[in-house]
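J.: Mind looking at a prediction? Sequence and model below.
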Amino acid sequence: MNVDEQVVQGLYEAAAGIKLWPEALGPLTHANNALVCQVVIADKFTGALTLCEQPDFGPNDAVLDYVRDFHKADPHARLLATLPVGQVVHTADSFPRIEYENHPFYQQFWRSYNVRALVGAKVGEDTRHVAMAGVIRSYENPVFTPKDVRLAGVYLGHLAAAFRISQHLRGLKFAATVGQRLMEASDRAMFLVNRAGGIVASNAVAAALLADGGLLRKQNQRLSCQDAASDRQLLSAIAEVGVGAPTRGNTPGQRAALRLTDRNGTGAFCTLWNLRPEDSMSAFGDREAILVTITHPRSGKCIDLMLLGSLFDMTPAESRVAAALMEGDDVASIAQVLHVSVQTIRSHLKTIFSKTGTHRQGELIQLLIRTTET
């Protein structure tokens, strides 16, 4: 095993607050030939996130999906939280293959983001908080060998030591830093608003969009549209998502999407996610808030999965299947790309038909194209 001493030093510096976590986790990711390496700190009693870090090139949308919904089904975090600090878990060894094939966390979340396996450990704990870290590989990365697992374990061991030395867990308080960092890492305009539409936070892209003034404006601290009809739609959608209005499915409405028009008549899409603290690990604060994201219209084969999922209340896996169909892929090729069986794709397709009110692939594709173009 070749342990990179500079990578190890970066972990100690990040745990001590000398270096930013993304700067330390990037080299750690490369040293482990991984898709991404992540560090998470959570409140053991409330489930609230106090830290969630990954390299700047990490899959930001995956973290958003995780805190919005899939943390509830994650079997790994539950296992790691029960183990001694430093004990390494390789998911391919700890979870039977049959469970991987059938568990919704793997099928709807991991498969959607092309995750193959994880090597993780609890790296710190006190009376209030637990810290966990993981090395994640995709299907583009090689399978973890026993040597790879040992190497990842060495780095995770150093991370555990770094937490102990710096006493990083002592006195941590949540200040909505997780949600803010997720927003800043996105290339979409994102606003966090309350149920009245008041702006709680926004990212740099959103600030630029407000400064442009063509589509949105800030009026009496409220997010509003320049176009009067769009403004009424936006305010109504915020209120409906805020109270959990019924969606196309049977679950309370946590997401919505609508078209907005700027003052020149050009269209844009807006997606809205309800982020109740109890349902989203308090990653965006300890009060209910709504994440408003502005998405550009579909251009060529560029299909925004967040928009697609919000329009029809699809899971990440279902959104990827729908997007692939829009791009002209058939069921067999989609199954191959997502590393699942044809039967699994057909099962997703059946659910997509139900959520969209369609019955055939051709009808579905026409609907998706029509509704994702402004």
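T.: Thanks, I have it. Residues are numbered from 1 along each chain as shown.

J.: Where does pLDDT dip in the stretch 151-300 of the chain?
T.: Scanning the stretch 151-300 of the chain for pLDDT under 70 picks out 167-176, 243-253, 297-300.

J.: ok, 50 please
T.: The stretch 151-300 of the chain contains residues with pLDDT under 50 at 168-169, 171-175, 245-252.

J.: can you give me the strands in it?
T.: 189-193, 199-202, 216-219, 222-225, 255-261, 267-275, 289-295 (DSSP state E, counting those that start in this stretch).

J.: by contact count, what packs against the last one?
T.: It refers to strand 289-295. On a contact count with 3 or more C-beta pairs under 8 Å, 6 or more residues apart in numbering; DSSP states H and E, strand 289-295 meets strand 189-193, helix 228-243, strand 267-275, helix 305-312. Using the backbone N, CA and C atoms, a C-beta is placed for each residue, glycine as well.

J.: Which strands border that strand, and is each parallel or antiparallel?
T.: Strand 289-295 has these partner strands in its sheet, going by DSSP bridges: strand 189-193 (antiparallel), strand 267-275 (antiparallel).

J.: ok, back up a step: out of the helices and strands packed on strand 289-295, flag the one nearest residue 80.
T.: strand 267-275 (24.4 Å; C-beta to C-beta).

J.: so what's the nearest residue to residue 87 once chain neighbours are set aside up against?
T.: Among residues not flanking residue 87 along the chain, residue 121 sits closest, at 6.1 Å (C-beta to C-beta, 6 or more residues apart in numbering). Counting by C-beta atoms under 8 Å, 6 or more residues apart in numbering, residue 121 makes contact with 80, 83, 85-89, 132-134, 153, 156-157, 160.

J.: hmm, back to that, any chance of the strands of the stretch 151-300 of the chain in TSV, with distance to residue 17 and mean neighbour count too?
T.: Formatted as TSV, these follow (distance: least, C-beta to C-beta, whole Å; neighbours: other C-beta atoms under 10 Å):
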stretch	distance to residue 17	mean neighbour count
strand 189-193	25	25
strand 199-202	23	19
strand 216-219	34	18
strand 222-225	34	21
strand 255-261	36	19
strand 267-275	27	23
strand 289-295	27	23
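
J.: Was I right to think residue 155 contacts residue 9?
T.: No - in this structure, residue 155 is not within contact of residue 9 by C-beta atoms under 8 Å, at 11.7 Å.

J.: From the neighbour counts alone, determine which of those two ranks first.
T.: Taking other C-beta atoms under 10 Å, residue 155 and residue 9 do not tie; residue 155 has more neighbours (22 against 16).

J.: tell me the contacts of the more buried one?
T.: 3, 7-8, 11, 28, 31-32, 135.

J.: Check the offset of the lengthiest helix in the chain from the chain's centre.
T.: Criterion DSSP state H: the longest helix present in the chain is helix 146-166. Chain-centre distance of helix 146-166: 25 Å, with C-alpha atoms, centre = their mean, to the nearest Å.

J.: For that helix, buried residues please.
T.: Applying a neighbour-count criterion of 16 or more other C-beta atoms under 10 Å, one finds 148-149, 151-153, 155-164, 166 buried in helix 146-166.

J.: Against the centre of the protein, work out the most remote residue.
T.: Distance from the C-alpha centroid of the chain, by C-alpha atoms, centre = their mean, peaks at residue 264 (33.0 Å).

J.: give me the element residue 47 is part of.
T.: For residue 47, there is no helix or strand it lies in under DSSP states H and E.

J.: what's the closest non-adjacent residue to it?
T.: Counting by C-beta to C-beta, 6+ apart, residue 47 lies nearest to residue 281, which is 5.4 Å off, once chain neighbours are set aside.

J.: Quick check on the one you found: phi, psi?
T.: For residue 281, the backbone dihedrals (degrees, to the nearest 10) come out as phi 60, psi 20.

J.: Counting neighbours, what do you get for it?
T.: The tally of other residues near residue 281 (other C-beta under 10 Å) stands at 24.

J.: OK, contacts around it?
T.: 42, 47-49, 67, 71.

J.: measure it to residue 67 for me?
T.: 5 Å (C-beta to C-beta, to the nearest Å).

J.: can you list residues touching both of those two?
T.: By C-beta under 8 Å, 6+ apart, the residues touching both residue 281 and residue 67 are residue 49.

J.: circling back: tabulate the contacts of residue 121 in TSV, adding columns for distance to residue 190.
T.: Shown next, in TSV, are the contacts of residue 121 (distance: C-beta to C-beta, whole Å):
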residue	distance to residue 190
80	30
83	35
85	35
86	36
87	37
88	35
89	33
132	26
133	26
134	25
153	36
156	32
157	36
160	34
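
J.: want to throw these into TSV with secondary structure and distance to residue 220?
T.: Converted to TSV, the contacts of residue 121 look like this (DSSP: H, G, I helix; E, B strand; the rest coil; distance: C-beta to C-beta, whole Å):
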residue	secondary structure	distance to residue 220
80	helix	46
83	coil	51
85	coil	50
86	coil	53
87	coil	54
88	strand	53
89	strand	51
132	strand	42
133	strand	44
134	strand	44
153	helix	55
156	helix	49
157	helix	53
160	helix	49
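
J.: which one of these is nearest residue 340?
T.: Using C-beta to C-beta, residue 134 comes nearest to residue 340 of those, at 22.2 Å.
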